[in-house]
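Enquirer: Generate coordinates for the sequence data below:
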Amino acid sequence: MTLTNLKSEVKDEFYNLLDFWINYSVDQKNGGFYGTINGKNIGIDSVKSAVATTRILWGFSSAIEFLNAHPELPKRKEYITKLEPLCRRAYEYLIANFWDKKYGGVYWNVSATGQPDEPKKQIYAHSFFVYGMSEYFRATSFKPALEWARKGFDAIIEHSYDSKNGGYVEAYNQDWSETDQYILSDGDRRKSMNTHLHLLECFANLYRVDKSEKVRFHLQHCLEIMLDHIIGKDKTRMTLFFTDDWQLRDKAISYGHDIEASWLVLEAAEILGNEHLIEYCKDKCLAMARDAAEGLQSDKGMIYEFNPENGHSKSSRDWWVMAEAMVGFYNAYQLSKKIHYLEKAENCWQFIKDYLIDHEGGEWWGGVNAEHELTGTTKASPWKAPYHNLRSCMEIYRRIG
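Expert: Here you go, the predicted structure:
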């Protein structure tokens, strides 16, 4: 496959994904967007998650920014005209239904009709609230979105930042009181790789539009936490869970998150603009991609987790893992100029085309097993929105240049 062909194909898939979400995601009956869309593209009344709704806001907003940045793309104005009201719809629904008017912060999810369903304060959800709101402002200059991004950021810092041990605590009750029951973990596993990875992402995106010292401090702090604790100074794989004082609580290897972090960590350093950290992250991220490649299987798909203690693996080839692997290996190719990384990125795209894209109905299936049988048939869910796959298409198009 030539780079010209790859660029053309991801461009086409970018539009296919937008068409799916424009046509099928809007919940006309209850407001906002469907919490679930089944394999036949039918929206289902179900809980609506802060994660999916904020990712929808980010996806539509990022698409506008992408279209504006690439005047050569066809139907730019037509798609921007469609996307702008959908961004406003997501923005207004988040403020009206997810923001806690009494205690501040966002609920984890709401009912199909928009009532608080699980009102606990999970910092993972707050990271995407900041990510989506900051991208909405970045794409459209809509100032209230920046104000809400700052409110979300302030809630994270006020309640979650651990000034003693560093990093950010996982979750709280609705009123921000302490809890040991989280969405991603429980007990003394009060800090997670996953939440810190997406905090890094949201701090970096907010810093693009807010160069305040406070945002800069937390972007650099979170990046250093990622490098020193989540990955480790002499390591290339992330640990999934930690105690408050950074004692390890899990030895599983998450190939999917490692390859995702292998480009997000470098991106954060570049947005921060710290030349020393940029050079350090180039070496670190290339090594992370190298070792994450162990998750690739003979069919060119990537499993996303393996536990070396018990030999257990999550062997499905999931949509988000394959999307991030395509970008992570292309980033490694850019850093190293080694063709085998380009081949890995192209193989990931071929796997996506062969097994994950629904070429008739649009969007991607959730995943397939080793025999390439579907393991996930929902097109949208509390975790599945136009984020990993839409972003991967835009990233590859940009990077080919």
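Enquirer: Now do the least confident helix or strand in the chain by mean pLDDT: which elements does it pack against?
Expert: Ranking every helix and strand in the chain by mean pLDDT, DSSP states H and E puts strand 313-314 at the bottom, with a mean of 84. Applying 3 or more Cβ pairs under 8 Å, 6 or more residues apart in numbering; DSSP states H and E, one finds that strand 313-314 contacts strand 305-306. Every C-beta, even on glycine, is put in place using the N, C-alpha and C of the backbone.
Enquirer: elements contacting the strand it packs on?
Expert: helix 255-272, strand 313-314.
Enquirer: Now do the helices in the stretch 151-300 of the chain.
Expert: All helices of the stretch 151-300 of the chain, identified by DSSP state H, counting those that start in this stretch, fall at 193-209, 213-225, 255-272, 275-292.
Enquirer: Could you save those as TSV and add columns showing mean pLDDT?
Expert: Formatted as TSV, the helices of the stretch 151-300 of the chain follow (pLDDT from 0 to 100):
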stretch	mean pLDDT
helix 193-209	98
helix 213-225	98
helix 255-272	98
helix 275-292	98
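Enquirer: so which of those helices gets nearest Gly366?
Expert: Proximity to Gly366 (Cβ to Cβ) singles out helix 255-272 among these, at 13.1 Å.
Enquirer: looking at the helices and strands packed on strand 305-306, which is buried most?
Expert: When those are scored by mean count of other Cβ atoms under 10 Å, the highest mean neighbour count falls to helix 255-272 (a mean of 24).
Enquirer: So His359: helix, strand or coil?
Expert: Here His359 is coil, with the state taken from DSSP: H, G, I helix; E, B strand; the rest coil.
Enquirer: just checking, what packs against the longest helix seen in the chain?
Expert: What stands out as the longest helix in the chain, according to DSSP state H, is helix 3-24. Packing partners of helix 3-24 (3+ Cβ pairs under 8 Å, 6+ apart): helix 50-69, helix 76-93, helix 339-351, helix 388-400.
Enquirer: Ok, which of these comes nearest Lys164?
Expert: Closest to Lys164 of these, according to Cβ to Cβ: helix 50-69, at 27.9 Å.
Enquirer: can you pull the buried residues of that closest one?
Expert: Judged by neighbour count (16 or more other Cβ atoms under 10 Å), helix 50-69 contains these buried residues: 50-67.
Enquirer: Could you do stretch 366-383 as well?
Expert: Residues of stretch 366-383 classed as buried by neighbour count (16+ other Cβ under 10 Å): Gly366, Gly367, Val368, Gly376, Thr378, Lys379, Ala380, Ser381, Pro382.
Enquirer: For it, report the contacting residues that lie outside it.
Expert: Here stretch 366-383 makes contact (Cβ atoms under 8 Å, 6 or more residues apart in numbering) with 20, 24-25, 33-39, 41, 43, 47-49, 51-52, 109, 297, 299, 301, 315-319, 321, 355-356, 358, 361-365, 384.
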